[in-house]
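Chemist: Pasting the sequence and the predicted model now:
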Amino acid sequence: MAAALVIAGVALCLGVSLSRTTRADDRSRQAAFLDHPDERWRFGVCVSRKRGLISDYDISELQIGWYCDYVFREEISHPQGLEYMQMISTKDELFPLSGDLVDRIEAAAAANPGCLWQIGNEPDCIDQDNNVPGVYAERFHELRGIIKGADPTAQIANGAVVQPTPLRLEWLDRVIEEYYDSYTITFTEQVDVWSIHNQILAENRYETGCRIPPGLPYDEGRPYTREDSDNLDIFISHIQDFRQWMKKYGLEDKSLIVSEYGVLMPEWAGFTADRVNDFMSNSFTYLLNASDPETGCPWDGNRLVQRWAWFSLNENPWDGDPLHPGGFNGALFEWDSSYPGVLTSHGEHWIEFMDDQPFPTPTPSTTPPPPVFDREAEAGSLDGSATVRYDASASECSYVTIPVENGSVSLSHYVTEPGDYLIWARVLSSHDEDTSLRVAVDGGPEFDWDFPGGQAGWVWDRVSERDGADPKTFWLSEGWHDVEFSCGANSARIDTLEFMRWDTEPARDVEPCGEPIPSAVELDLLQGYNLVSLPVIAPGTGIDEALSVAWESISRAYAYDASNPEEPWLVYDKALPPWADTLVDLHSAEGFWVFVDAAGTYTVDGQYPGTTDIQLYQGANLIGYPCTEVRPVANVLAPIEGKWSRIYAYDGTDPSRPWRVNDAGWEDWRNEFTEFEPGKAYWVYVTEDCILSIVN
């Protein structure tokens, strides 16, 4: 950038990590970035907020995954499902921090749990945050404490240096030394994601460029010239040098983002559109493919860089007028065009590059969701004098009896696609007497439904209306629907309820039982960390009993108590004395990190619950899935629709891409998992305290 480098840091609202109760040698599972269905998630842009907002441009054709606009925000725009990166400056003018600024930081962190916050914007540059190493260490420590206090799940990135030259790496070394001297804490352990800029600028104390890092005694560093601004060899060497620096500190398993780079020099200086576009293509190709088994990130196929951001989306160019300096090359949109915006030649080239890449085609969700969800009546909401009874003649050994006197039971069902539906139910019929129920759907008028005559015992029947159509058809919109049954004649009994399309019938495979049916869940545990739940255990089961089948292989376990944001992590560790363990009992509603010394398949016996109410707290919650069957995410979370924002699942069988995400605001093709599975656990982010009821 010329004399005043306006290069911003970035921070993604991503992922989850374990707290500092985890050991340093377990860092590999704390990867901050989550893979999307293809490589587009890696591409980002920097938005010059002085020229316009992300919403001022139609970015759909760019096929990018994230963006930054140089500030932190409480209310974040996510067009096209883009992720956003927070950044907070460490300039002198902001310190000491005012109470109002602290409040705004805390509000932004609390409102956007799981974000990655970059602390500092080029603190190594006198034209930017301009911090000597000791000052930066102090301000980093203060800001990190504020952010983590408001959101314990927040991820923290260092302030990106202008370019990872030897001078800048020495400045970082001094930050590490100063931090430990002041706090006796290792700075590198306080950083979850490492960030650099990769501009190519001259290092000279008295000339334009990026000057000499504050606090260093040198007058000159790398003597880059203006012609080097698009030198791919230098660009590559910077990446390799910084990854080597990370290896020196044992940080290979940490993510590296290039949070801003581009070609800053103007067209009138010889950096034509074709020249800039060539650098864009060549650098993108390198970043997509560069790997090294010695220094690369092991969970990402040993890639050197996980994400990068092009400068810029909308900066205005400098036309060479010395009376109006400022502006930089490489913008994708004409900054002053109105929505949807006018693409520059750089923007058009970007789209061509993305269209030409052999990215995997996202697999659409072509398999329709099941047309029905079984709803055991005993798991419905019981009103009036309806009671839950247990009887050897009902499936799962339990059923609902509706007494003659004014009893009723309401059963809820989620419809995934609008259309005409039949309601099937498994009911107890009689040879000798009429049996019936009164039925109302979604609060509508009641009608009489007579059970089949001439049959005895539990039978399947379609809901019909006396003297009316048999069966009765209901047009149902997508969403939850309530069916209320009240007594008609002879204390009718009803068990399983199903909503079916006209050409579908229930499986009819629900068989009576004499005793409660024992259940079991198989856990395929890998060596290392596993994110699991135990849906069949009774409430308050001791950890040694719950995990007895794998006890010899388990060395430690963690649970997350979202009701205690100050100290949310509970830990059990065989290496600790018993009094130090805070994780004592396990619950089917909870999720757990379990560290296993030897891989194996383990069967946990118990009994699935009927209905489980899980208390969720604003922000991150680690929950189990106490259910016998695989179900779509939309159905499971329908009771808290509008209150959840994002869910994460963990797949340890794919160490290069272990995290999977489902975002409430994303289009279906972007979500990487669409179903809840028994035995697995999930991070669920909610915008307010609420209760999630899971019906088995």
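Modeler: Noted; the coordinates are in hand. Residues are numbered from 1 along each chain as shown.

Chemist: so where do the helices sit in the stretch 101-250 of the chain?
Modeler: In the stretch 101-250 of the chain, the segments counted as helices under DSSP state H, counting those that start in this stretch are 133-150, 166-183, 187-190, 232-248.

Chemist: where along the chain do the helices fall?
Modeler: Using DSSP state H, the helices found in the chain span residues 99-111, 133-150, 166-183, 187-190, 232-248, 273-289, 345-356, 543-546, 633-636.

Chemist: Next, count neighbours for residue 628.
Modeler: Neighbour count of residue 628, defined by other Cβ atoms under 10 Å: 15. Any C-beta I mention is one placed from the backbone N, CA and C, and that applies to glycine too.

Chemist: Touching, it and residue 606? I think so.
Modeler: No. Using Cβ atoms under 8 Å, residue 628 makes no contact with residue 606, being 11.6 Å away.

Chemist: looking at the helices of the chain, which is closest to residue 481?
Modeler: Taking Cβ to Cβ, helix 633-636 is the member of the helices of the chain nearest to residue 481, at 12.4 Å.

Chemist: mind checking which of the helices of the stretch 101-250 of the chain is nearest residue 315?
Modeler: That would be helix 232-248 among the helices of the stretch 101-250 of the chain, by Cβ to Cβ, at 19.4 Å.

Chemist: Find the residue closest to residue 226 in space, skipping its chain neighbours.
Modeler: Nearest residue to residue 226, sequence neighbours excluded (Cβ to Cβ, 6 or more residues apart in numbering): residue 265, at 5.6 Å.

Chemist: Please apply the same query to residue 562.
Modeler: In space, and not counting its chain neighbours, residue 562 is closest to residue 617: 4.1 Å by Cβ to Cβ, 6+ apart.

Chemist: And residue 144, by the same measure?
Modeler: Nearest one to residue 144, counting by Cβ to Cβ, 6+ apart, is residue 156 at 5.4 Å.

Chemist: quick one: pLDDT of the one you found?
Modeler: Residue 156 is assigned 95 on the pLDDT scale.

Chemist: That one - how many residues pack around it?
Modeler: A total of 21 residues lie near residue 156 under the criterion other Cβ under 10 Å.

Chemist: Next, the buried residues of stretch 203-217.
Modeler: By neighbour count on 16 or more other Cβ atoms under 10 Å, the buried set for stretch 203-217 is 203-204, 209-216.

Chemist: That stretch spans what distance, first to last residue?
Modeler: This stretch, stretch 203-217, spans 13 Å end to end (Cα to Cα, to the nearest Å).

Chemist: Repeat that for stretch 463-482.
Modeler: Termini of stretch 463-482 sit 14 Å apart (Cα to Cα).

Chemist: for stretch 681-691, same thing?
Modeler: Start-to-end, stretch 681-691 (Cα to Cα) is 17 Å.

Chemist: Please tell me how far the residue nearest to residue 226 sits from residue 232.
Modeler: Distance, residue 265 to residue 232, by Cβ to Cβ, to the nearest Å: 15 Å.

Chemist: Could you check which of those two has the larger neighbour count?
Modeler: Neighbour count, other Cβ under 10 Å: between residue 265 and residue 232, residue 265 has more, with 24 against 14.

Chemist: List the contacts of that one.
Modeler: 226, 229-230, 271, 329 (Cβ atoms under 8 Å, 6 or more residues apart in numbering).

Chemist: Which member of those residues is positioned nearest residue 76?
Modeler: For those, the nearest to residue 76 is residue 329 (28.1 Å; Cβ to Cβ).

Chemist: What is the neighbour count of residue 240?
Modeler: Neighbourhood size, residue 240 [other Cβ under 10 Å]: 14.

Chemist: wouldn't residue 89 be in contact with residue 130 here?
Modeler: No. The pair residue 89 / residue 130 is not scored as a contact, 10.3 Å apart, by Cβ under 8 Å.

Chemist: Give me the more crowded residue out of the two.
Modeler: The neighbour count for residue 89 versus residue 130, taken as other Cβ under 10 Å, is higher for residue 89 (24 against 18).

Chemist: Please tell me how far that one sits from residue 692.
Modeler: On the measure of Cβ to Cβ, residue 89 and residue 692 end up 39 Å apart.

Chemist: Next: residue 331.
Modeler: Taken as Cβ to Cβ, the span from residue 331 to residue 692 is 45 Å.

Chemist: Show me which residues of stretch 68-82 are buried.
Modeler: Quick answer for stretch 68-82 (16+ other Cβ under 10 Å): 68-70, 72-73, 76, 78, 80-82.

Chemist: In strands, which of those appear?
Modeler: The members of the buried residues of stretch 68-82 that map onto strands under DSSP state E are residue 68.

Chemist: want to try CSV for the buried residues of stretch 68-82, with pLDDT and distance to residue 445 as columns?
Modeler: Formatted as CSV, these follow (pLDDT from 0 to 100; distance: Cβ to Cβ, whole Å):
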residue, pLDDT, distance to residue 445
68, 96, 56
69, 95, 55
70, 94, 59
72, 97, 54
73, 96, 50
76, 92, 46
78, 85, 43
80, 82, 45
81, 79, 43
82, 87, 48
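
Chemist: Tell me which residues touch residue 283, please.
Modeler: Neighbour list for residue 283: 232, 235, 261 [criterion: Cβ under 8 Å, 6+ apart].

Chemist: Of those residues, which is the nearest to residue 435?
Modeler: residue 261 (74.7 Å).

Chemist: What about the residue nearest to that closest one when sequence neighbours are not counted, how many residues nearby?
Modeler: Once flanking residues are discounted, residue 261 sits nearest to residue 198: 4.1 Å by Cβ to Cβ, 6+ apart. If you count neighbours by other Cβ under 10 Å, residue 198 ends up with 24.

Chemist: From the chain's centroid, how far away is stretch 226-243?
Modeler: From the chain centre to the centre of stretch 226-243 is a distance of 33 Å (Cα atoms, centre = their mean, to the nearest Å).

Chemist: for the nearest residue to residue 561 once chain neighbours are set aside, what are its contacts?
Modeler: In space, residue 561 comes closest to residue 568 once its chain neighbours are excluded; the distance is 5.1 Å by Cβ to Cβ, 6+ apart. Shown in contact with residue 568 (Cβ under 8 Å, 6+ apart): 19, 152, 560-562.

Chemist: Make CSV out of those residues and add neighbour count, distance to residue 125 and pLDDT.
Modeler: Output for those, formatted as CSV (neighbours: other Cβ atoms under 10 Å; distance: Cβ to Cβ, whole Å; pLDDT from 0 to 100):
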residue, neighbour count, distance to residue 125, pLDDT
19, 15, 33, 26
152, 22, 31, 86
560, 23, 39, 93
561, 16, 42, 93
562, 21, 39, 93
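
Chemist: Just these: which are in strands?
Modeler: Counted as lying in strands by DSSP E, out of the contacts of residue 568, are residue 560.

Chemist: Of the contacts of residue 568, which pair is most distant in space?
Modeler: Greatest spatial distance among these (Cβ to Cβ): 19 and 562, at 12.2 Å.
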